Structures are given as C-alpha cells and as structure tokens.
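Trainee: attaching a predicted model along with its sequence, questions to come.
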Amino acid sequence: MAGISISKSLTMDKKREAFEKACSKFSVPGVKLVLITEEYYDAALKFALEHFITHEPSHVALGVPWNQEVEKFWLKTLQLNLSLMFLNDETGEPMAFQIIDIEQYDDKIDFESIQTPAYKQLIRCCVYCDEQSDFFGHFGITETFHLLGLAVAEKYKRRGIARQMVNAAIDMIRNFRSGLVYVKVEGSSNFSQKIFEKANFEILFELPFATWEVDGQFPIQNTGIHKTVKVYGKKLTVEP
C-alpha cells in the first residue's frame, strides 16, 4: 500500500463499482443501501445533526454546536463520495449512516483556523488520540480508510443496524484494491466499541474521557455510561 495513493487512484467509476459489489452481498429486509453522493448530501447533513453530534459522548460533553464551520467539515468528507447510508426501503427515510474518509500520516491540523472553541477542543482530543495510538507507525503504512461517524436513528436502534452498516462499509472498502487494506476507527460509545471488537478490530489506544487534560482542565466530563474512547485498527486481507 505504501507509495500508492488511495485518493488519487479512486475514480468515481471505481467507487461505484466497489459499492455495487458490496450491494450484491447486502441483504437486510426493508433496508436499502446507498452510496452518499450529491443527491444525498443534504439528507446526510441533517442526519449528522439529528443523530450524531447530539448523541456522540464527546460532542455532547464539550457542547459542540452545529454551525457553518462544523457543517463544512461534514460536507467536505461527504464530497469524497465514499460514505454509506441505509434508507427505509418503503419510505426512503434515512435509518443510519457510516461516514468514510481517507487519512494520510502527514495530514496536518491548522488549529488557528478553527473558530469554534468547543470544536477546537474536540479536534485536539482527536489529535491526542492519534498521537498516542500511532496507527500509521503500528501498521507501517502512510494512508488508510477512516470510518469517521457511525450513527443510527433512535427508532431503528437495537436491531443490529449499526453492525450491518459497519459490515457493508468493510465490504465496500475490500473492493477497492487487491492486497492489504487498512481501516482506522474511533469508538466513543459502549455500543460502537462492542461492534468494532466483535469485528476483530485491534485496540491501539484507550482514553478515559474524564482524564483528558488541557491546560490543567479536564473538559470532557458527564459522558454518562460511555466512559472511554478507543482507537482501533484493522488490516483487511483482500483476494487478488
């Protein structure tokens, strides 16, 4: 994988081809799997607001708002046309999504450009976890697929939907190339952690929310039953 840029090699045709192959293996009654392309951007942004940032423990504890800056981040990731969504096959209502990004070892964060204080704190925490987990050093790679946001609408929870979504994402990612493919993900809730660990993701780092310190302060408190964030990695062996 080293020396080969995922982002440069993935044309829209290749993305659609990989998605269609994943669809051929996907079968959940009443659920339609879609690739989030332009026609679904607005629905995905609305879903992120209603079912992710208002529920994800660190977002809630830090009070991250939904504003233009945060929405811009989500839209930029969606525009990679790699993310997936489940729709109710009868009503077309969004049920769940998995946001997928491509991350490189030398990606840099310009903290000075981030204007929203709570959002800046969240990004600082993410960078800290990245540094401690040393994902790229651990696997000896320079680029990876990154599962960013996993969310399920409240009315569809406790049906195994999140697990099916992660499986669909992994199936699609497998289709992008032969050889070895790597996937990185953070689990910040008890529920997502169970899903990733059952899928045999390796735990690279675990941070108790309440212990994360910035300038003598501990900004992530009151996360309820969800006490830690874990950084996971997985190497996918793909048939040539």
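Mentor: Received it, and whenever you're ready, just let me know what you need.

Trainee: in the chain, which residue is most central in space?
Mentor: In the chain, the centroid-proximal residue (CA atoms, centre = their mean) is residue 148; its distance is 1.6 Å.

Trainee: that one should be in a strand, yeah?
Mentor: Yes: assessed with DSSP: H, G, I helix; E, B strand; the rest coil, residue 148 lies in a strand.

Trainee: surely it and residue 101 touch.
Mentor: Yes: in this structure residue 148 lies within contact range of residue 101 using CB atoms under 8 Å: 5.1 Å. The C-beta positions use only the backbone N, C-alpha and C, and glycine is treated the same way.

Trainee: joint contacts of the two?
Mentor: Shared contacts of residue 148 and residue 101, defined by CB atoms under 8 Å, 6 or more residues apart in numbering, comprise residue 77.

Trainee: residues contacting the residue nearest to the centre of the chain?
Mentor: Neighbouring residues of residue 148 by CB under 8 Å, 6+ apart: 77, 99, 100, 101.

Trainee: go again using 6 Å as the cut-off
Mentor: Residues near residue 148 by CB atoms under 6 Å, 6 or more residues apart in numbering: 99, 101.

Trainee: residue 44 versus that one, what's the distance?
Mentor: Residue 148 sits 12 Å away from residue 44, going by CB to CB, to the nearest Å.

Trainee: repeat that for residue 114.
Mentor: From residue 114 to residue 44 the distance is 22 Å (CB to CB).

Trainee: how close does residue 131 sit to residue 210?
Mentor: In terms of CB to CB, residue 131 sits 19 Å off from residue 210.

Trainee: tell me the pLDDT of residue 10.
Mentor: With respect to pLDDT, residue 10 scores 86.

Trainee: wasn't residue 207 part of a helix?
Mentor: No: using three-state DSSP, the assignment for residue 207 is strand, not a helix.

Trainee: what bridges to it?
Mentor: residue 229 (DSSP bridges).

Trainee: residues near it, how many?
Mentor: 21 (other CB atoms under 10 Å).

Trainee: going forward, count from 12.
Mentor: Okay, using 12 as the starting number, the last item reads as residue 218.

Trainee: and the lengthiest helix in the chain, what's buried?
Mentor: Among the segments of the chain that qualify as a helix by DSSP state H, the longest is helix 128-144. Across helix 128-144, burial judged by 16 or more other CB atoms under 10 Å covers 129, 130, 131, 132, 133, 135, 136, 140, 141, 144.
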